[in-house]
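K.L.:
how does the following fold in three dimensions:
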Amino acid sequence: MTAVLIACAHGTRFEEGRVVVRELLEVLRATAPAGVDVLEAYVDVHGPSVTDVVAEARERTDDIVIVPLLLSTGYHTEVDLVEAADGLPVAPALGPHPVLAEILADRVRAAGAGPDDTVVLAAAGSTRPGAVMDVERMAELMADAGVTGPVVTAYAAASDPRIPDAVAAARADGRRTVAASYVLAPGHFSRVIEKAQADLTTAPIGADPRLAAVVWERWRDARVAPVAGAAGADPRFSDAPADAPAEPDTASRAWLTALRRLVSGARRRA
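P.N.:
This next block holds a predicted model:
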C-alpha cells in the first residue's frame, strides 16, 4: 500500500516563492523512501488546497501524514491543518530544529557576518504563543550552531519586537546588525525583512537539501504516533508512550543512512 506525505506550504502570490517551494518538493521526492508519494498542498492564498489534496489522497490510501512546510507553530498548524486533516496525523512545524539552525548559521556566515555582530533572527510572527517560543528556541540553537554574536528575535508582524526596532536597538548599542531571514521562501515577509535595512540580510532558507532530513523526520515520527481516532491508526503503537522513539525496520534504517549522507554532503557544500 502506498504511503502519502502531504507537504503543505503556506502559499504566496510571489512567483519566486512558488518556485522555491516546488524545488523543495522535488528534493523531497528525490529523497522519499520507497513506496511513499509526496503531494503538494497549500493552506492559504492559492491551490491545490490541503483540504482537496487530503480528499484525493484518501481515495488511494489511509497511510497519510500532513507535514507543514512552515517554520513555527501558529494558527495554520494548530487549527487549519488539524481541521483539514479530519483525524489524520499532522506533524509539527519544521522548527525549531538543529538542522534549521545550521542552515541559518551558514547563511549568516555567507552574508559576511563578523563574530561580534548582532544577529536578528527575523521571523514572520504569529498571535499564537507557541510561535514565539519556537523562534526563541531557534535563537538558542543558532548559538549552538556556532553563531558567536548576540542572537535576538524579532518579527515582521503580530509579535514584538518588530524587526526594524530590533535592528535599531542593536545599532544603538554600537553593533553591526545581520538580519537572518527565518522564512522559507521569497515573498511578502522576506521583503519586510529586507526593508528593515540591517547592515546585512541573509537570503530565505530556500530549498536547502538539508531540509529533507527535517521533513522526513517529522513524517516518520507523526506516522508512528497517530492521533486518537485517526484514519489508518496502527494499533501496534496504541500503547506506546507519546515520546517513545520509533524503531525503524531494516529498509528504513538503510534509507535513513542514505538521507544522512545526502544531508552531510549538503552541509559540506554550504
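K.L.:
residues in contact with P48?
P.N.:
E40, A41, Y42 (C-beta atoms under 8 Å, 6 or more residues apart in numbering). Bear in mind the C-beta positions are built from the backbone N, C-alpha and C, glycine included.
K.L.:
okay, it and A41: tell me how far apart.
P.N.:
6 Å (C-beta to C-beta, to the nearest Å).
K.L.:
now the helices for the stretch 101-250 of the chain?
P.N.:
Taking DSSP state H, counting those that start in this stretch, the helices of the stretch 101-250 of the chain run over residues 129-144, 163-172, 188-195, 211-223, 250-269.
K.L.:
hey, where'd the strands end up in this protein?
P.N.:
Using DSSP state E, the strands of the chain run over residues 3-9, 36-42, 64-68, 118-123, 151-155, 177-182, 200-201.
K.L.:
same list (the ones you listed) but as CSV, adding mean neighbour count and distance to G112.
P.N.:
Output for these, formatted as CSV (neighbours: other C-beta atoms under 10 Å; distance: least, C-beta to C-beta, whole Å):
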stretch, mean neighbour count, distance to G112
strand 3-9, 25, 29
strand 36-42, 20, 34
strand 64-68, 26, 32
strand 118-123, 28, 12
strand 151-155, 23, 17
strand 177-182, 28, 8
strand 200-201, 20, 6
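K.L.:
what sits opposite E40 in the beta ladder?
P.N.:
On the basis of DSSP bridges, E40 is bridged to A7.
K.L.:
wait, it touches A7, no?
P.N.:
Yes - if you go by C-beta atoms under 8 Å, E40 and A7 touch, sitting 6.3 Å apart.
K.L.:
pull up the overlap in contacts between these two.
P.N.:
L25.
K.L.:
how close does the closest residue to D165 other than its chain neighbours get to D134?
P.N.:
In space, and not counting its chain neighbours, D165 is closest to A154: 7.1 Å by C-beta to C-beta, 6 or more residues apart in numbering. Distance, A154 to D134, by C-beta to C-beta: 14 Å.
K.L.:
so who does the residue positioned nearest the centre of the chain touch?
P.N.:
With distances taken as C-alpha atoms, centre = their mean, the residue of the chain nearest its centroid is L94 (3.1 Å). Neighbouring residues of L94 by C-beta under 8 Å, 6+ apart: P68, L69, L70, L71, L100, L211, V214, V215, R218.
K.L.:
farthest pair within those residues?
P.N.:
P68 and L100 (13.4 Å; C-beta to C-beta).
K.L.:
could you dump stretch 57-74 to CSV, C-alpha only?
P.N.:
Only the C-alpha atoms of stretch 57-74 are listed here, as CSV (Å, rounded to 0.1, in the frame of the first residue of the first chain):
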residue,chain,number,x,y,z
ALA,A,57,-5.2,11.0,-1.0
ARG,A,58,-8.0,9.3,1.0
GLU,A,59,-9.2,7.7,-2.3
ARG,A,60,-5.8,5.9,-2.5
THR,A,61,-4.7,5.0,1.0
ASP,A,62,-5.2,5.6,4.7
ASP,A,63,-1.5,5.9,5.3
ILE,A,64,-1.4,9.7,5.1
VAL,A,65,0.6,12.3,7.1
ILE,A,66,0.5,16.0,6.6
VAL,A,67,3.8,17.8,7.2
PRO,A,68,3.7,21.6,7.3
LEU,A,69,6.4,23.3,5.3
LEU,A,70,6.1,26.0,8.0
LEU,A,71,8.9,27.0,10.3
SER,A,72,7.0,27.6,13.5
THR,A,73,3.8,26.7,15.4
GLY,A,74,0.9,29.0,14.5
